[in-house]
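Asks: would you be able to build a 3D model of this:
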Amino acid sequence: MLLVTGVSGALGSLVAERLAGREDVVLGTRAGRPGTRRLDFDAPETLPGAFAGVETLLLISAGYGEDDVVVARHGAAISAAEAAGVRHVVYTSLSGDGDHLTYALAHRWTERRLRRSTTLDWTILRNGLYAEFLTWIAAPDAEHRITGPLGEGRLAAVARADLADIAVSVATDPAAHRNRVYELVGERPLGGADLAAALGAAYVPGTLAEARAAIAASGAMPFQVPMLASTYSAIAHGFLDGTGVARNDLRALLGGREPLDALDVFVKAVREG
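Replies: Modelled structure (predicted):
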């Protein structure tokens, strides 16, 4: 049996759609809504029941937070999986070129925890940043300007739907991917000027200090300010354009099909947003 966590989230919900109707799949949600198992990483007492009878766990990263919070969530999930006799954990991590991001530590800790397990097989899907995420950091303002401080840098963004397809493919045939790490980033990195041109907008990048102040003033949680600022900085300084990844496994794990165009995904998300 396959258990998928986080199916209320953006990636998890797409995975759940693709697995709908399968009798060998169960879905986990914090609320325990009808048709799912209650699974709350912040309430470890819910985990033994949620993991009962599970052979493969698709562990979708348990949300952004302070490092100690996310590490505790993932640690509880992995320990519960070991105790329940789960055989294989597929984990959605962060791309290898993302180590300069403030939220990378919890992902790398989780990868290390899986590697050190004496009972679990594992597969690590190192996902690049979503094309849809660009609507958070590079959407045009009221004056139809993109002012995010992306500089001359580019982001190898990847469509969330492609990552959902890959997660399903790997989690439903985990033995073929035993103890493998896959890098999954976009094939065509996008810069601020590309995004602006696609929308008929102007690209007028601001400074990191201006962005940090705007994020703080927006009501963001304290951990989100450095998270987003580090994302801008890593893109602007050329660390997320895909060149830092030795091998991109995206197309191979899509079965050779063409990945979705990240620029098209971004434009559609902005216009629908």
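Asks: which element is the closest residue to Glu17 other than its chain neighbours on?
Replies: Excluding its sequence neighbours, the residue lying closest to Glu17 (C-beta to C-beta, 6 or more residues apart in numbering) is Ala164, at 7.9 Å. Bear in mind the C-beta positions are built from the backbone N, C-alpha and C, glycine included. Assigned by DSSP states H and E, Ala164 belongs to helix 160-171.
Asks: now that helix: buried residues?
Replies: For helix 160-171, the neighbour count (16 or more other C-beta atoms under 10 Å) marks Arg160, Ala161, Asp162, Leu163, Ala164, Asp165, Ile166, Ala167, Val168, Val170, Ala171 as buried.
Asks: can I get the residues you listed in CSV including distance to Ala16 and pLDDT?
Replies: Converted to CSV, these look like this (distance: C-beta to C-beta, whole Å; pLDDT from 0 to 100):
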residue, distance to Ala16, pLDDT
Arg160, 13, 98
Ala161, 13, 98
Asp162, 16, 98
Leu163, 14, 98
Ala164, 9, 98
Asp165, 13, 98
Ile166, 15, 98
Ala167, 11, 98
Val168, 10, 98
Val170, 16, 98
Ala171, 12, 98
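Asks: for Arg108, what are its contacts?
Replies: Ser93, Asp99 (C-beta atoms under 8 Å, 6 or more residues apart in numbering).
Asks: helix/strand/coil for Val181?
Replies: Secondary structure, DSSP: H, G, I helix; E, B strand; the rest coil: Val181 is strand.
Asks: how many neighbours does it have?
Replies: Applying other C-beta atoms under 10 Å, we find 17 residues neighbouring Val181.
Asks: next one: Ala76
Replies: Neighbour number of Ala76 under other C-beta under 10 Å is 18.
Asks: cool, Thr207 as well?
Replies: 13.
Asks: so what does it look like in phi/psi?
Replies: phi -100, psi 160 (degrees, to the nearest 10).
Asks: show me which of the buried residues of helix 160-171 is closest to Ala252.
Replies: Ile166 (9.6 Å; C-beta to C-beta).
Asks: list the residues that contact the nearest residue to that closest one once chain neighbours are set aside.
Replies: Of all residues beyond its chain neighbours, the one nearest Ile166 is Leu253 (4.5 Å), with distances taken as C-beta to C-beta, 6+ apart. When contacts are counted by C-beta under 8 Å, 6+ apart, Leu253 touches Ile166, Ser169, Val170, Tyr182, Leu184.
Asks: swap in 7 Å and give it another go.
Replies: Leu253 makes contact with Ile166, Ser169, Tyr182, Leu184, according to C-beta atoms under 7 Å, 6 or more residues apart in numbering.
Asks: could you identify the most distant pair in those?
Replies: Farthest pair in the contacts of Leu253, by C-beta to C-beta: Ser169 and Leu184, 11.6 Å.
Asks: re the thing from before, if I look at the residue nearest to Ile166, how far off is Leu125?
Replies: Leu253 sits 8 Å away from Leu125 when distances are taken as C-beta to C-beta, to the nearest Å.
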